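K.L.:
dropping the sequence and predicted coords here.
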Amino acid sequence: MTTSQELDGQSANGTGPAPELPPFDAERAEAAVRELLIAIGEDPDREGLRDTPGRVARSYQELFSGLRADPPAVLDRTFSENHDELVLVRDIPMFSMCEHHLLPFHGVAHVAYIPGTQGLVTGLSKLARLVDLYARRPQVQERLTTQIADALAERLDTRGALVVIDAEHQCMSSRGVRKPGARTTTSAVRGSFKTSASTRAEALNLIRGG
Ligand SMILES: Nc1nc2c(ncn2[C@@H]2O[C@H](COP(=O)(O)OP(=O)(O)OP(=O)(O)O)[C@@H](O)[C@H]2O)c(=O)[nH]1
Ligand SMILES: [Zn+2]
């Protein structure tokens with residue numbers, strides 16, 4: 001069984017995959033969920049809950065599958081289009097898990113970039129895949145936003161990259177401060193989106209639907 005000491009120093013939440021992360025430990029996850037059910041005062045052996053530890057373990061395996069992925073690798077398939085203008089995919093549905101409470105936060109991601117001097121563009125779906133893979137990790141919204149922008153800037157060698165995420169956190173709506181409807185917007189800008197106010201304004205205007 002893997003211990004937290006064995007994982008020490010190779011946490012998977014950097015820009016790429018964790019080197020040699022052990023496989024998902026379904027048995028351990030099931031045992032933990034069973035313990036949690038007992039802790040809240042439930043009977044894990046009653047009919048309705050008997051399969052719950054297994055179901056939750058499988059859900060967690062899916063929800064956190066991005067820990068064992070190398071998200072920027074989805075950008076490796078590029079096309080030479082000699083395009084040096086803005087590319088924007090907006091309203092990409094985004095679903096992630098807040099690492100503080102292990103509760104969902106979900107909303108939309110807008111991803112924009114300006115190809116580098118080589119004019120290399122990537123497939124549009126790859127931008128959505130990049131969002132998905134980073135989202136399937138225990139996250140905070142700021143880091144998720146930054147990781148997507150950094151992957152674009154570094155892997156595609158873009159002139160500029162801009163990522164905006166707008167999300168609602170269930171840890172703020174269903175518990176704690178209980179403010180359903182409150183939305184959080186984060187952005188990360190790289191390259192020309194940072195240095196040129198007009199380039200940034202053009203992208204933000206398009207994101208707003210202008
Ligand atoms: N900056 C940031 N904060 C987040 C994110 N997701 C959750 N949080 C916040 O993480 C904080 C954790 O605060 P703590 O005081 O340690 O935990 P808590 O007692 O459960 O806090 P409350 O949610 O205020 O009840 C809360 O303020 C959450 O709203 C995120 O993506 N980014
Ligand atoms: Zn939270």
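P.N.:
Looks like it arrived, so ask away. Ligands and ions are numbered 1, 2, ... in the order given.

K.L.:
CA only for contacts and neighbour counts going forward, please
P.N.:
Noted.

K.L.:
what residues are up against the residue positioned nearest the centre of the chain?
P.N.:
Nearest residue to the geometric centre of the chain (CA atoms, centre = their mean): Ala135, 1.8 Å. Applying CA atoms under 8 Å, 6 or more residues apart in numbering, we find Ala135 in contact with 66, 94-97, 144.

K.L.:
of the residues you listed, which are in range of ligand 1?
P.N.:
Counting by CA under 6 Å from any ligand atom, nothing from the contacts of Ala135 sits close to ligand 1.

K.L.:
restricted to helices, list the residues you listed.
P.N.:
Leu144 (DSSP state H).

K.L.:
spell out the secondary structure type for the nearest residue to Pro115 once chain neighbours are set aside.
P.N.:
In this structure, Pro115 finds its nearest non-sequential neighbour in Thr158, 4.7 Å apart by CA to CA, 6 or more residues apart in numbering. Judged by DSSP: H, G, I helix; E, B strand; the rest coil, the three-state class of Thr158 is coil.

K.L.:
residue contacts, Thr158?
P.N.:
If you count contacts by CA under 8 Å, 6+ apart, then Thr158 has 113-117, 152, 191 around it.

K.L.:
what of Val74?
P.N.:
With CA under 8 Å, 6+ apart, Val74 has these contacts: 126, 129-130.

K.L.:
ditto for Pro93
P.N.:
Contacts of Pro93 by CA under 8 Å, 6+ apart are 106-109.

K.L.:
interface residues of this protein facing ligand 2?
P.N.:
98, 100-101, 171 (CA under 5 Å from the ion).

K.L.:
which of the residues you listed fall within helices?
P.N.:
Short answer: the residues of the chain next to ligand 2 in helices (DSSP H) are Cys171.

K.L.:
can I get the residues of the chain next to ligand 2 in CSV with neighbour count and distance to Val164?
P.N.:
Putting the residues of the chain next to ligand 2 into CSV (neighbours: other CA atoms under 10 Å; distance: CA to CA, whole Å) gives the following:
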residue, neighbour count, distance to Val164
Cys98, 20, 17
His100, 10, 21
His101, 10, 23
Cys171, 20, 21
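
K.L.:
that's all I had, so thanks and see you.
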